[in-house]
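In: no sequence on hand, only this structure:
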């Protein structure tokens, strides 16, 4: 009986030890903070992080979006805002007008929204001329709406994108301060080295 | 497929051409290509014989897996990968293959 109890305790100890191993495993962060307070992401991008309240967002398995930030907003479902940097936004064209048309064929395609263009203008982004497009989509059946800003820029020959989406109940009010945070993030964004495609 | 379309100018640089193969019929592929703005050729392989040839489809079964195959100028299969295309891996391989070709 005593031997049996010892054996069970030993097994339990091994299990506890392994559990400890799993929890103490260190996961290397893909970023570091510079002395100026900017974020250096994988030694490739540098940007000013958004203020407190925004949580880091990363795709679990690769995908097109590199990284982004999100926050839950007051006001109940679906109130939330997220923004991201995307190295390969939908579409193929290397010209802004073409890419914009291709992009909006697929952007939020699973929400089946009809987008209304609010504003389109040229902007300065990542050291060159870019295109900013503001849209709003409404789903009266689900009682939801979304406001989005998409900024296309260039990295070498290829188009990259930044976008923010803010979801609200259909009678909700948008919080434009989140768009200001996004604009500051985009304005601060720099490439620290050439992209994979530029080095080929 | 959209990724291949984005990389066409690089494939051109490495003297490579891309072909898509699908079990869909020609009409479906035509609409699909239009929807995605694809400009490279898509082959309609309704009977699945290419799938059997490239071993992506077990003979007599309607399953058609996704496989990327690179064939060199001599017709030798040099690269085979299953699943979604690893575009960067493909580009690096094509670059290497093109450099090999340049040395000959």
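Out: The structure has been received and is ready for your questions. Everything quoted here is computed from the prediction, not taken from an experiment.

In: I'd say residue A:37 and residue A:48 touch.
Out: Yes - taking contact to mean Cβ atoms under 8 Å, the distance of 7.3 Å between residue A:37 and residue A:48 places them in contact. All C-beta atoms are positioned from the backbone trio N, CA, C, and that covers glycine.

In: which one's more surrounded, those two?
Out: For residue A:37 against residue A:48, the residue with the higher neighbour count under other Cβ atoms under 10 Å in any protein chain shown is residue A:48, and the figures read 16 against 8.

In: wait, the more buried one sits on residue A:183?
Out: No - with contacts defined as Cβ under 8 Å, residue A:48 does not count as touching residue A:183, sitting 11.0 Å away.

In: which of the helices or strands spans the residue nearest to residue A:114 when sequence neighbours are not counted?
Out: Leaving out its chain neighbours, the residue that sits closest to residue A:114 by Cβ to Cβ, 6 or more residues apart in numbering or on different chains is residue A:137, at 6.3 Å. Assigned by DSSP states H and E, residue A:137 belongs to strand A:128-139.

In: contacts only, for residue A:144.
Out: If you count contacts by Cβ atoms under 8 Å, 6 or more residues apart in numbering or on different chains, residue A:144 has them with A:78, A:111, A:138, A:167-170.

In: and residue A:118, by the same measure?
Out: With contacts defined as Cβ under 8 Å, 6+ apart, the neighbours of residue A:118 are A:134-136, A:147.

In: doesn't it belong to a strand?
Out: Yes - assessed by DSSP: H, G, I helix; E, B strand; the rest coil, residue A:118 belongs to a strand.

In: what's the spacing between it and chain B?
Out: Using Cβ to the nearest Cβ, to the nearest Å, one gets 25 Å for the distance from residue A:118 to chain B.

In: all helices for chain B, in order.
Out: Ranges of helices in chain B, per DSSP state H, are B:2-6, B:8-13, B:26-36, B:49-53, B:87-103.

In: so which of the ones you listed is nearest chain A?
Out: Proximity to chain A (Cβ to the nearest Cβ) singles out helix B:2-6 among the helices of chain B, at 4.1 Å.

In: need the pLDDT of residue 47.
Out: Reading this off chain A. Among the per-residue scores, residue A:47 holds a pLDDT of 96.

In: you answered for a different chain; I wanted chain B.
Out: At residue B:47 the predicted local distance difference test score is 85.

In: can you report how many residues lie near it?
Out: The burial count for residue B:47: 9, using other Cβ under 10 Å.

In: turn the contacts of residue A:118 into a markdown table, columns for neighbour count.
Out: Putting the contacts of residue A:118 into a markdown table (neighbours: other Cβ atoms under 10 Å in any protein chain shown) gives the following:
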| residue | neighbour count |
| --- | --- |
| A:134 | 17 |
| A:135 | 22 |
| A:136 | 16 |
| A:147 | 21 |
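
In: can you tell me which of the residues you listed lies nearest to chain B?
Out: After measuring the contacts of residue A:118 against chain B - Cβ to the nearest Cβ - the closest member comes out as residue A:135, at 19.9 Å.

In: tell me who's in contact with residue 88.
Out: Assuming you mean chain A. Residue A:88 makes contact with A:64, A:158, A:160, B:3, B:6 under the criterion Cβ under 8 Å, 6+ apart.

In: hmm, I had chain B in mind actually
Out: Residue B:88 is in contact with residue A:196, counting by Cβ under 8 Å, 6+ apart.

In: can you pull the pLDDT of it?
Out: Model confidence at residue B:88, given as pLDDT, is 94.

In: with residue B:37 instead?
Out: For residue B:37, the model assigns a pLDDT of 89.

In: who's in contact with it?
Out: With Cβ under 8 Å, 6+ apart as the criterion, the residues that contact residue B:37 are A:91-93, A:102, B:5.

In: how close does it get to residue A:103?
Out: Taking Cβ to Cβ, to the nearest Å as the measure, residue B:37 falls 11 Å from residue A:103.

In: hey, what's in contact with both of those two?
Out: With contacts taken as Cβ under 8 Å, 6+ apart, the residues that reach both residue B:37 and residue A:103 are residue A:91.

In: hmm, back to that, is it possible to get CSV of the contacts of residue B:37 that adds pLDDT and distance to residue A:44?
Out: Written out in CSV, the entries for the contacts of residue B:37 read as follows (pLDDT from 0 to 100; distance: Cβ to Cβ, whole Å):
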residue, pLDDT, distance to residue A:44
A:91, 92, 23
A:92, 92, 23
A:93, 93, 24
A:102, 92, 25
B:5, 95, 24
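
In: in helices, which of those residues appear?
Out: Cross-referencing these against helices under DSSP H gives A:102, B:5.
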